[in-house]
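In: Predicted model and sequence below, questions to follow.
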Amino acid sequence: DYKINLIEPAKISDENFDKFKTDLGAVMQFIKHQSDKDGSWIKGNSRFNHVEKEAVELINIITGAKFARDDKEEVVDMCRAWENSMKNAKLDGKLEGKIETLYEECEMSIPDIAKKVSKPEEYVREVIKRMKAACL
């Protein structure tokens, strides 16, 4: 028999994440707030200015986030990474909207759309597949 301590990020107050002396606190706090779209909880929080790249990788795995990190750097500025990911998400959304318009309204073929948006045909197929699934 072993004693196990269960940690539930959703039940930890933001002030108590400072009790973690490693980047586990940053990982747990990110898990808690991952669905908060405005990112106000990360901005200005010094804990996220220097997060070890292994912790960022763990955040990406657990939450499905896609924070890019420079392999040369040992730490990541998560505040900047958050802003970059939001900017990339907006660009991706615009691109997907363009693909949907070309497919539905212009009735272009997938190869023609792929050439037009400079993306692989498989990417275009995936966008169209998600679009059709959302309509169901």
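Out: Everything's here; your move.

In: What's the biggest helix in this structure, counting residues?
Out: helix 78-104 (DSSP state H).

In: helices or strands next to that helix in the packing?
Out: Judged by 3 or more C-beta pairs under 8 Å, 6 or more residues apart in numbering; DSSP states H and E, helix 78-104 is in contact with helix 110-117, helix 121-135. No exception for glycine: its C-beta is placed from N, CA and C like everyone else's.

In: in what helix or strand does the residue nearest the centre of the chain lie?
Out: Closest to where the C-alpha atoms of the chain average out (C-alpha atoms, centre = their mean) is residue 65, at 2.8 Å. Using DSSP states H and E, residue 65 maps to neither a helix nor a strand.

In: Hmm, it is touching residue 31, no?
Out: No. The pair residue 65 / residue 31 is not scored as a contact, 10.2 Å apart, by C-beta atoms under 8 Å.

In: shared neighbours of those two, which are they?
Out: Each of residue 59 lies in contact with both residue 65 and residue 31 under the rule C-beta atoms under 8 Å, 6 or more residues apart in numbering.

In: Could I get the contacting residues of the closest residue to residue 120 other than its chain neighbours?
Out: On the basis of C-beta to C-beta, 6 or more residues apart in numbering, the spatially nearest residue to residue 120 that is not a chain neighbour turns out to be residue 114, at 6.3 Å. Residue 114 sits next to 120-121, 123-124 when contact means C-beta under 8 Å, 6+ apart.

In: The same query, at a cut-off of 10 Å, please.
Out: By C-beta atoms under 10 Å, 6 or more residues apart in numbering, the contact set of residue 114 is 99, 102, 108, 120-125.

In: returning to what we had before: how far away is the residue nearest to the centre of the chain from residue 88?
Out: According to C-beta to C-beta, to the nearest Å, residue 65 and residue 88 sit 11 Å apart.
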